[in-house]
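Asks: Okay, here's the prediction I keep looking at, along with the sequence it came from:
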Amino acid sequence: MTQFAFTLNATDGAARTGVITTPRGDIRTPAFMPVGTAGTVKAMFPEDVRATGADIILGNTYHLMLRPGAELVAAQGGLHKFMNWPRPILTDSGGYQVMSLSSLRKLTEEGVSFASHIDGSKHMLTPERSIEIQCLLGADIQMQLDECPAIPIEHDKASASMRLSLRWAERSKRAFEEKSKPGMALFGIVQGANYEDLRRESLERLMEIGFPGYSIGGLAVGEGRAEMFRVLDFTTPHMDGGRPRYLMGVGKPGDIVGAVARGVDMFDCVLPTRAGRHGQAWTQEGAINITNARFADDPEPLDPSSDCPASRDYSKAYLHHLFKAGEYLAAMLLSWHNLHYYQQLMAGLRSAISAGRLAGFIAEFRAATGEEVL
RNA sequence: GGAGGGGUGGGAGAGUGGCUAAAUCCAGCAGACUGUAAAUCUGCCCGCUUCGGCGUACGGUGGUUCGAAUCCACCCCCCUCCA
């Protein structure tokens, strides 16, 4: 049986391209992973997600725990079968909800106690329970439970939070060794806000514990692009070069390009789907909002040269109309287009790194989109 | 012809003497969204503005009053019922 493994194929400066192999299929890196929190990449059919070029998608421990329940998903044959996505799935541990649902939870050494945002019922998420749920779901790549604090945060608070996440990393690994099946992988998550000493301490301790991949958490949480890149600059050079590096929750296209240049291999973000549902589309010329009045009579598609039907076969005027009319197809087409744009961007990055021309690729990206990649 | 009801900002529709440039919803115009409580949220939405304000406004005209979308008179228009 295929085990979890990471193979580097080429590097260009700090940037790398390679393949993560898993029993459910390969993941080409740098990889963008669409987010399918509640067992669906919103407004997308799984086959269309695949057609955009996605090798792996995300699921979420907290949301699937509440509804429909991890045991139910397991009884239905696991998340892959349940949602008809046979390829790799990475699950977040619920750590992000520690931040996004901070008003609905209590944090203790033991874990996080959530009051369900759906019905108020109480749910205790410990590192052990989070891993148990991720194993019940059948996630191929799992995340340790962590605390994801927003930036800015004082050094002493960031330090205490990071050390809690480290203790949870150890507990998560023990639970994973007990519950997981062959071929599954557990990633540790580097925390420490925007403090170099804390990021270094977190990383060194995690590498002592030992994981098959390392996530960088707690970024894109209010610090801004330049500060995020500054944190990456003093973090990725110290990471295990033989393991995949996953920048959690990132990001905008320019964020991804800059992070790839700094040696990150994996990304996930709700932006292409969420912003797509809200009318924002990324194009070769940068981001546009299709609901703007200027597109009402624009007969051009988002990208006539694309091989994505959503980008190629529908005019901006039609997409504009669908949004104005509140039609479901509006969200579907723009989610599809954006996911395709992101996957094309990743494919472009991979081939540029393979060819040793990443700098040129970035220069072209900056010139075309006006994005500051720094 | 008679009786009754009503005319408020692009639309619907509150408001019956000062707290009203006028609730609320919709439409419109922009913006935001980063390990998804999001098909969501925020701002603008009479004109001008140096964003502090200023000027005009609730069918029309004329009154009452310190003050009127709100009270009075007449006129115009719409709806319902009766003939």
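Replies: Okay, I see it.
Asks: Might one say that residue A:189 is in contact with residue A:165?
Replies: Yes: counting by Cβ atoms under 8 Å, residue A:189 touches residue A:165, with 6.4 Å between them. Every residue, glycine included, has its C-beta placed from N, CA and C.
Asks: any common contacting residues for those two?
Replies: A:95, A:144, A:146, A:217 (Cβ atoms under 8 Å, 6 or more residues apart in numbering).
Asks: Does the residue positioned nearest the centre of chain A belong to a helix, a strand or coil?
Replies: Nearest residue to the geometric centre of chain A (Cα atoms, centre = their mean): residue A:268, 1.7 Å. Here residue A:268 is recorded as strand under DSSP: H, G, I helix; E, B strand; the rest coil.
Asks: Would you mind finding the longest helix in chain A?
Replies: For chain A, the longest helix by residue count, based on DSSP state H, is helix A:328-354.
Asks: Distance from the chain centre to that helix, please.
Replies: 14 Å (Cα atoms, centre = their mean, to the nearest Å).
Asks: anything in that helix near RNA strand B?
Replies: Yes: Helix A:328-354 reaches RNA strand B (Cβ under 7 Å from any atom of the strand) through A:328, A:331.
Asks: Now do the buried residues in that helix.
Replies: A:330-346, A:349-350, A:352-353 (16 or more other Cβ atoms under 10 Å).
Asks: List the residues that contact the residue sitting furthest away from the middle of chain A.
Replies: Among residues of chain A, the one most distant from the C-alpha centroid is residue A:297; the distance is 35.4 Å, by Cα atoms, centre = their mean. Residue A:297 sits next to residue A:317 when contact means Cβ under 8 Å, 6+ apart.
Asks: ditto for residue A:99
Replies: Residue A:99 makes contact with A:147-150, A:221, according to Cβ under 8 Å, 6+ apart.
Asks: If we use 7 Å, what do you get?
Replies: A:148-150, A:221 (Cβ atoms under 7 Å, 6 or more residues apart in numbering).
Asks: Same check on residue A:133?
Replies: Applying Cβ under 7 Å, 6+ apart, the residues near residue A:133 are A:61, A:65, A:70.
Asks: quick one: which of those residues is most hemmed in?
Replies: Highest neighbour count within the contacts of residue A:133: residue A:61, with 28 neighbours (other Cβ atoms under 10 Å).
Asks: From residue A:112, how far out is the closest residue to that residue other than its chain neighbours?
Replies: Excluding the flanking residues, the one nearest residue A:61 by Cβ to Cβ, 6 or more residues apart in numbering is residue A:94, at 4.4 Å. Separation of residue A:94 from residue A:112 (Cβ to Cβ, to the nearest Å) stands at 7 Å.
Asks: Please apply the same query to residue A:231.
Replies: The gap separating residue A:231 from residue A:112 is 24 Å, by Cβ to Cβ.
Asks: same check, this time on residue A:59
Replies: Following Cβ to Cβ, the distance that separates residue A:59 from residue A:112 is 18 Å.
Asks: circling back to that earlier point, touching both of residue A:94 and residue A:112, which residues are there?
Replies: With Cβ under 7 Å, 6+ apart, residue A:94 and residue A:112 have common neighbours residue A:125.
Asks: residue ranges for the strands of the stretch 201-350 of chain A, please.
Replies: Using DSSP state E, counting those that start in this stretch, the strands found in the stretch 201-350 of chain A span residues A:214-216, A:245-247, A:266-269, A:280-283, A:286-289.
Asks: end to end, how far does stretch A:13-30 reach?
Replies: Distance across stretch A:13-30, first residue to last, is 14 Å (Cα to Cα, to the nearest Å).
Asks: residues in contact with the residue of the stretch 1-150 of chain A found nearest RNA strand B?
Replies: Evaluated by Cβ to the nearest atom of the strand, the stretch 1-150 of chain A has residue A:148 as its residue closest to RNA strand B, separated by 2.1 Å. Residue A:148 makes contact with A:95-96, A:98-99, A:217-218, A:221, according to Cβ under 7 Å, 6+ apart.
Asks: so which helix or strand takes in the nearest residue to it once chain neighbours are set aside?
Replies: Leaving aside its chain neighbours, residue A:148 sits nearest to residue A:99 (4.5 Å; criterion: Cβ to Cβ, 6+ apart). Using DSSP states H and E, the element containing residue A:99 is helix A:95-100.
Asks: contacting residues around residue A:41?
Replies: Contacts of residue A:41 by Cβ under 7 Å, 6+ apart are A:34-35, A:49, A:57, A:273.
Asks: secondary structure class for it?
Replies: coil.
Asks: Name the nearest residue to residue A:228, ignoring sequence neighbours.
Replies: Counting by Cβ to Cβ, 6+ apart, the residue nearest residue A:228 is residue A:219, at 5.0 Å.
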